[in-house]
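J.: just coords:
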């Protein structure tokens, strides 16, 4: 029997990948993943067998990886960011359930919350929640409840999938729920194309964020009541008394 | 003027570090950090000037880094995990506030939530919250409120700093608050010494977790209502209909 690595390649190019992730790719004879992600690592996987499916075919991708592994090959199933945060690690373990002896190893990567935080400054220094606004697989009511509970508890909130062509007003709806608990002057920021060409960062208040249009390549950060702007960087204090 | 990198080195040895983090360390002439973290990267920083302070002297460490940078040196201030998640990135930006022209670059790393998730399986596949149980800088009432809101919203919850010699019963108290909203049969897990020698993982239910003793080198994962155990791995489903 072969082996499956579910590999988080981080936000963009090789620079943001761990040595462990690169090693898993190099060890593999087959690379399975969405086209764009394979393109980002093409130098490392040159000469290897690659197989991709379109964006929404996650279960199919796992079945392809499984069939290669059952045939004795070492396979890397690649994800952007972290394989374990809205990534393929979960569905791969579900698909491999009938084969308890098959080795499936999850290789973590830098998730968008962490790379966006670094690009913006240090907004995630204290307790935070990550919420995806995609209601493709989650009822919108559950997403709203999470937004309100997170805001009520004064978590910093990081939003994944804040928008898409079919969900243009979701960020606005999310901000309206958060505004039930947090002030319109709450410091926020967002990053587009993290770690890729054309990375852009922007700071604003929660009141302004409500009316901003962002795309699906954007990660949004909403501060807690203590988050401030220092020299154009978004910073959530930890609370050291000496400062 | 010099430059400051605030570098997240990931959970353990060099294998889990990104190429960007390694490059920042190599570019630096001075390395500032807590002893244990400098020990983990000693091969990379061999021959460089290193300066450390004891665990709680975070502000002092930033002031040391600042003074070297103001003297024209390139400095890496190292943190375990991610520099931006309960790390030094925030306090460094606060300490450097009077010097807006000084370059302070945050280099993200794999935070304990992500490395613990990979070791346990795939518990963080859906919305989650990270909460530190350390009440050194945060009132316990605020921590309890966050635990209850996160449990009420059915977030997966990752606990940092779950225990220490002075806070032996904090994990128990935290579980009791979460049990107000989640079932005692909720699937949980924890990882000790992630990415270091002697890494241990353990699965249990929330009811069992309440009475477990863990130490300060442990990261705890509490599933949501959907989290299950598949072949001894903790997995939170995303909700694909084809499965």
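T.: That came in fine, so what should we check first? Not measured: the values here are computed from a predicted model.

J.: Not counting residues beside it along the chain, what's closest to the residue nearest the centre of chain A?
T.: With distances taken as C-alpha atoms, centre = their mean, residue A:112 lies nearest the centre of chain A, 4.2 Å away. Distances taken as C-beta to C-beta, 6 or more residues apart in numbering or on different chains place residue A:219 nearest to residue A:112, at 4.5 Å, with adjacent residues excluded. C-beta here means a position set from N, CA and C on the backbone, and glycine is covered the same way.

J.: ok, now residue A:125?
T.: Spatial nearest neighbour of residue A:125, excluding adjacent residues (C-beta to C-beta, 6+ apart): residue B:90 at 3.7 Å.

J.: check contacts around residue A:15.
T.: Taking C-beta atoms under 8 Å, 6 or more residues apart in numbering or on different chains as the criterion, residue A:15 is in contact with A:195, B:18, B:19, B:20, B:23.

J.: Where is pLDDT lowest across these?
T.: Lowest pLDDT of those: residue A:195, 87.

J.: Can you name the residues in contact with stretch A:118-126?
T.: Contacts with stretch A:118-126, where a contact means C-beta under 8 Å, 6+ apart, come from A:113-114, A:117, A:156, A:158, A:189, A:191, A:194, A:199, A:201, A:203, A:221, A:223-224, A:226-227, A:230, A:233-239, B:82-87, B:89-93, B:106-108, B:132, B:138.

J.: if we can go back for a sec, just checking, the residue nearest to the centre of chain A touches residue A:194?
T.: Yes. Taking C-beta atoms under 8 Å as the definition, residue A:112 is a contact partner of residue A:194 at 6.0 Å.

J.: Overlap in contacts, the two.
T.: A:11, A:219.

J.: ok, residue A:206 - contacts?
T.: A:175, A:178, A:179, A:182, A:183, A:184, A:185, A:186, A:187, A:188, A:222, A:223.

J.: What is the nearest of those to chain B?
T.: Nearest to chain B among these: residue A:223, at 11.7 Å, using C-beta to the nearest C-beta.

J.: From residue A:106, how far out is that closest one?
T.: 31 Å (C-beta to C-beta, to the nearest Å).

J.: The closest residue to residue A:181 other than its chain neighbours and residue B:144, how far apart?
T.: Of all residues not flanking residue A:181 in the chain, residue A:151 sits nearest, at 3.8 Å (C-beta to C-beta, 6+ apart). Noted for residue A:151: a distance of 17 Å to residue B:144, by C-beta to C-beta.

J.: Which of these two has more residues huddled nearby?
T.: The residue with more neighbours, out of residue A:151 and residue B:144, is residue A:151; 25 against 17, by other C-beta atoms under 10 Å in any protein chain shown.

J.: Surely the more buried one and residue A:186 touch.
T.: No. Contact criterion C-beta under 8 Å: residue A:151 and residue A:186 do not qualify, at 9.1 Å.

J.: domain parsing for chain A?
T.: Here the domain parsing of chain A from the TED database is A:3-110, A:113-235.

J.: how long is the shortest one end to end?
T.: As for domain A:3-110, its first-to-last residue distance stands at 23 Å under the measure C-alpha to C-alpha, to the nearest Å.

J.: go on, the longest one?
T.: The first and final residues of domain A:113-235 sit 14 Å from each other (C-alpha to C-alpha).
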